[in-house]
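Colleague: only geometry, no sequence info:
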């Protein structure tokens, strides 16, 4: 007897591998949609939820400039040069400074000559004072004796008059010498003070001019050479610009976000495909215009708050003026925690 094999019904056939693939595809689709939603939220609203800004790697700025009009003779540095404090950057000449030095030198010489004359006269007066005082004493004693003789009518009137005249002249000469001594001492003291101030001013001017050598104020890197050989530069105008060796990130912070930025917060500094750690060291109370490369086309000039971010120890800063982006390492916890504390009904 032959047994026939029962045929399977089509609607009863099960396919577990296919069902598993459908579940995986369903979850992958859901994850993709969720990832797309997160990316869109971060793209349009990420800057409001956590620190997300751009900045430039800079150093403490410095300039080489003169405090007087100068003519540039030679520029000894170039863009990108690593320089040290005290290094000569520009050699200049200044006609106004040269004329001022010559005038001060002549005034000092004239005052020194005048002080020498006053000292000579003072020594002569000191030598004559003793003789004049003795003369006046003798004249007074003689006049007193002659007055006694005149009272007894032993002396003629013309002799008494001559004695009085001599006593008057001796007293006048004595007081003249005393007055000349006082005035001479006062004039010497005043002239000495003026002479010291003129010599100090001349010394300061010579040190400031330094024979036309303008030096680097801080260790750093030359960022821009403004003047050229033969240029005539007014007082205060920069000739060379530089930045210090201590590099930091000057970042531009959008205000009105759903987060707080405080000193000491750690941030992530993204430099292309590389990253470094940084710490916020200062939050400036001012807003500044964004650099040209940060501005958007066909929109008004945007201004954002400035913050300073120092590189963490061990991190190697990138070159100056590198464009970087910042991300906060504390993305959501602080925002959610603050909202939770504000909304919860219990203390």
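Modeller: Now that the structure is in, tell me what you want to look at. The model shown is predicted, which means the values in this text are computed figures rather than measured ones.

Colleague: Now do stretch 163-174, average pLDDT.
Modeller: Average pLDDT, stretch 163-174: 84.

Colleague: If we go by neighbour counts, what in it is buried?
Modeller: Neighbour-count burial for stretch 163-174, counted by 16 or more other CB atoms under 10 Å, picks out 163, 167, 170, 173, 174. Placement of C-beta: from N, CA and C, glycine included.

Colleague: Inside helices: which ones of the residues you listed?
Modeller: 163, 167, 170, 173, 174 (DSSP state H).

Colleague: of all those, which comes closest to residue 141?
Modeller: residue 167 (9.6 Å; CB to CB).

Colleague: was I right about the closest one contacting residue 141?
Modeller: No. Using CB atoms under 8 Å, residue 167 is not in contact with residue 141; the gap is 9.6 Å.

Colleague: ok so, going back, can you lay out the buried residues of stretch 163-174 as TSV showing distance to residue 79?
Modeller: Below are the buried residues of stretch 163-174 laid out as TSV (distance: CB to CB, whole Å):
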residue	distance to residue 79
163	94
167	88
170	83
173	78
174	78
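
Colleague: What helix or strand is residue 62 located in?
Modeller: Under DSSP states H and E, the secondary-structure element containing residue 62 is strand 52-65.

Colleague: And for residue 107?
Modeller: For residue 107, the host element (DSSP H and E) is helix 95-151.

Colleague: And for the closest residue to residue 253 other than its chain neighbours, the neighbour number?
Modeller: In space, and not counting its chain neighbours, residue 253 is closest to residue 305: 4.5 Å by CB to CB, 6 or more residues apart in numbering. By other CB atoms under 10 Å, the residues close to residue 305 number 17.

Colleague: how about residue 305, what does it touch?
Modeller: Contacts for residue 305 (CB atoms under 8 Å, 6 or more residues apart in numbering) come out as 252, 253, 254, 255, 283, 284, 286, 287.

Colleague: follow-up on the earlier one: now the next helix or strand after the strand holding residue 62: how far from the chain's centre is it?
Modeller: On the C-terminal side of strand 52-65, the closest following helix or strand by DSSP H and E is strand 70-75. Here the centre of strand 70-75 is set off from its chain's centre by 24 Å, with CA atoms, centre = their mean, to the nearest Å.

Colleague: quick one: strand 70-75 to strand 52-65, angle?
Modeller: Orientation check (axes from the mean of the first three to the mean of the last three CA atoms, to 10 degrees): strand 70-75 against strand 52-65 gives 100 degrees.

Colleague: ok, strand 70-75: who's next to it in the sheet?
Modeller: Strands that pair with strand 70-75, judged by DSSP bridges, come out as strand 88-93 (antiparallel), strand 232-233 (antiparallel).

Colleague: Kindly state the domain boundaries assigned to the chain.
Modeller: Structural domains assigned to the chain are 61-94+212-238, 96-210, following automatic domain parsing.

Colleague: hey, which of those is tucked in deepest?
Modeller: Among these, ranked by average contacts under mean count of other CB atoms under 10 Å, first place goes to domain 61-94+212-238 (a mean of 16).

Colleague: average pLDDT for it?
Modeller: Averaged across domain 61-94+212-238, the pLDDT comes to 92.

Colleague: okay if I get the domains of the chain as a markdown table plus distance to residue 291?
Modeller: Compiled in a markdown table, the domains of the chain are given as follows (distance: least, CB to CB, whole Å):
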| stretch | distance to residue 291 |
| --- | --- |
| domain 61-94+212-238 | 14 |
| domain 96-210 | 35 |
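
Colleague: just so I know, which of those domains lies nearest residue 299?
Modeller: Closest to residue 299 of the domains of the chain, according to CB to CB: domain 61-94+212-238, at 27.9 Å.
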